[in-house]
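Colleague: got a predicted model here, sequence first, then my questions.
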There are 2 protein chains.
Amino acid sequence: MEILLDCLPCMLRQALEASRLATDQTDLQEKIMEDSIRILLHYKEYKSSPDLCKAIHRAVKKHTCVKDPYAEIKKRDINAAKKILPDLLGFLKSKQNSLYWALKIAATGNIIDSAINNNGRMMECIEEELRKDFSICDLGHFQDKLKTAKSLLIIGDNAGETVFDRVLAERLFPLDTTYAVRSEPVINDATVEDAYASGLADYTKIISTGCSAPGAVLEDCSEEFLHTFECADIIISKGQGNFEALSGCGKPIFFLLKAKCEMISQKLGVCLNEYVFKHTESI
Amino acid sequence: MEILLDCLPCMLRQALEASRLATDQTDLQEKIMEDSIRILLHYKEYKSSPDLCKAIHRAVKKHTCVKDPYAEIKKRDINAAKKILPDLLGFLKSKQNSLYWALKIAATGNIIDSAINNNGRMMECIEEELRKDFSICDLGHFQDKLKTAKSLLIIGDNAGETVFDRVLAERLFPLDTTYAVRSEPVINDATVEDAYASGLADYTKIISTGCSAPGAVLEDCSEEFLHTFECADIIISKGQGNFEALSGCGKPIFFLLKAKCEMISQKLGVCLNEYVFKHTESI
């Protein structure tokens, strides 16, 4: 997906957020903002929005020497999600169409960070989101594919959401499932360490995409990942970053996400904040 | 007030909004964004946030040759405000402390644009805002000053809000009141034409600040304005842009505004979206 003009101010806002997490020193925050603005000036040279985002977060690391500004936030989100894991499993058990609801739980995991900030009403907030149907749901197509599939690849998104994905992986078990994460910390995206901390190893093989952008930019991915990507019978791509990096790549992919930005929702033909499980070969 | 890092992404978002109002041509929108990013790189060379904002909106005009991208929006807002003017006057008549409520009406005018987008519930939405008290209200000090004041200067903000200011000017009549507006169209800020269209001429003398920034940057203001500014017994500064340009200028000023951004509310020591009528010589 091309870089939209709307991404530029959003990216600059993110740079400020990350710089404030990494340091209290105003002079360093200013240097990060100046570098970020310089990067934005050349935005057309980047492959996609996640690729541009990677460059900006590299500037944060360069100036502050903090490898993972979101480390604490990621830990908090994983722990919070683990606390409600029994509730999620109980919710799933209470439902008839467990495949649909496991997918819905995995999609809903995307809001764990905002649910935490909801004054102790976390599970209530998650339940409210769980009640919302998918606006697009290619479940039938997914069920067809599952009949013959031998392998499945999930490309993960945020830390914390990983625990919700574990519910889906458990539902799909014993299908040969691989869970791919970022090669390095970037924003609050999950790394291999975060995937293990979320308990995904019980149900999936955990690998890195080899790419440190907040989305699997194929040109930068490792051979190991690309091999898995090519050979997987089914691919599920989680979240907006992977959608931006992978839409239009030509490979059939199930995109599983909440459309949290106006641009992504327009691209998917849904309203803001709606849930999507969309199979596509050519968005 | 110094330019905060938070202003930079916000400014870039504004540049995109204005460019889309001015033109449908993507290549021109891209040029405006690139120019805006270049301007942001030198943000420290600008006197204040409104000064930086002026430079960005000049880039919009340069690339599109559209002198006033917000012309239609301003017309719509003035007309909408004029429609509910009888309601506003009726509301004021029903109140005992009419000076307080005239000030509150003038402050509330700042939300006319969002009230219009509230699905036909415009007056309902305005009434809801009118019911909220000021969080800071230096009314006593204002009443004291009024006892001896011979002249009052109101530095205006948005078009549409101007109609609400007319209610305040009418309440203060026949005090010798001057209403100052931007010298050129910038964002949805009022110009001399907009002030006349709002009926302010019946109760005030209308002048331009001589400055085309969305805030009265004193170094750029005309001699006529500066003379009025120096000689006025009372000055009321409306909105955030004027607060950013004038806070710390050393002159005693009543700032009348709704704190619509996190940075301004922090500076004023109030919560986001609260109303303020604050007299100050040195914020």
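Modeller: Now that the structure is in, tell me what you want to look at.

Colleague: check which helix or strand A:Leu5 maps to.
Modeller: For A:Leu5, there is no host helix or strand (DSSP states H and E).

Colleague: wait, what's in contact with it?
Modeller: By C-beta atoms under 8 Å, 6 or more residues apart in numbering or on different chains, the residues touching A:Leu5 are B:16, B:29-30, B:33. C-beta here means a position set from N, CA and C on the backbone, and glycine is covered the same way.

Colleague: phi, psi for it please.
Modeller: When quoted as degrees, to the nearest 10, the phi and psi of A:Leu5 stand at phi -60, psi -30.

Colleague: biggest helix in chain A, by residue count?
Modeller: Using DSSP state H to define each element, chain A has its longest helix at helix A:71-93.

Colleague: and the angle from the helix or strand following that helix to helix A:71-93?
Modeller: With elements assigned by DSSP H and E, the helix or strand that comes after helix A:71-93 is helix A:98-108. Here the directions of helix A:98-108 and helix A:71-93 differ by 160 degrees (axes from the mean of the first three to the mean of the last three C-alpha atoms, to 10 degrees).

Colleague: what is helix A:98-108 packed up against?
Modeller: In this structure, helix A:98-108 packs against helix A:71-93, helix A:122-131, strand A:134-137, helix A:139-148, helix A:161-172, strand A:253-258, strand A:275-280, with contacts taken as 3 or more C-beta pairs under 8 Å, 6 or more residues apart in numbering or on different chains; DSSP states H and E.

Colleague: now the fifth one: mean pLDDT?
Modeller: Along helix A:161-172, the predicted confidence averages to a pLDDT of 98.

Colleague: for the first one, same thing?
Modeller: In this model, helix A:71-93 carries a mean pLDDT of 96.

Colleague: how about stretch A:257-276?
Modeller: 95.

Colleague: mark which of the contacts of A:Leu5 are buried, thanks.
Modeller: With burial judged by 16 or more other C-beta atoms under 10 Å in any protein chain shown, the buried subset of these is B:16, B:29, B:33.

Colleague: up against chain B, what does the stretch 1-150 of chain A have?
Modeller: When proximity is defined as C-beta under 8 Å from any C-beta of the partner chain, the stretch 1-150 of chain A approaches chain B at A:5-6, A:8-10, A:12-13, A:16, A:29-30, A:33-34, A:37-38, A:40-41.

Colleague: hey, where'd the strands end up in the stretch 151-283 of chain A?
Modeller: Assigned by DSSP state E, counting those that start in this stretch, the stretch 151-283 of chain A shows strands spanning A:151-155, A:176-181, A:205-208, A:234-238, A:253-258, A:275-280.

Colleague: give the other helices and strands that the helix or strand containing A:Leu40 contacts.
Modeller: A:Leu40 belongs to helix A:26-41 when assigned by DSSP H and E. On a contact count with 3+ C-beta pairs under 8 Å, 6+ apart, helix A:26-41 meets helix A:7-22, helix A:49-64, helix B:26-41.

Colleague: packing partners of the second one?
Modeller: Meaning helix A:49-64. Packing partners of helix A:49-64 (3+ C-beta pairs under 8 Å, 6+ apart): helix A:7-22, helix A:26-41, helix A:239-246.

Colleague: break chain A into its domains for me.
Modeller: Here the domain parsing of chain A from automatic domain parsing is A:7-64, A:71-280.

Colleague: quick revisit: could I get the helices and strands packed on helix A:26-41 as a markdown table with distance to B:Asn242 and mean pLDDT?
Modeller: Output for the helices and strands packed on helix A:26-41, formatted as a markdown table (distance: least, C-beta to C-beta, whole Å; pLDDT from 0 to 100):
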| stretch | distance to B:Asn242 | mean pLDDT |
| --- | --- | --- |
| helix A:7-22 | 24 | 96 |
| helix A:49-64 | 33 | 96 |
| helix B:26-41 | 21 | 98 |
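
Colleague: separation between the residue lying closest to A:Trp101 once chain neighbours are set aside and A:Asp27?
Modeller: Excluding its sequence neighbours, the residue lying closest to A:Trp101 (C-beta to C-beta, 6 or more residues apart in numbering or on different chains) is A:Lys95, at 4.4 Å. Distance, A:Lys95 to A:Asp27, by C-beta to C-beta, to the nearest Å: 54 Å.

Colleague: compare those two (neighbour count), which wins?
Modeller: For A:Lys95 versus A:Asp27, neighbours defined as other C-beta atoms under 10 Å in any protein chain shown are more numerous around A:Lys95 (14 against 9).
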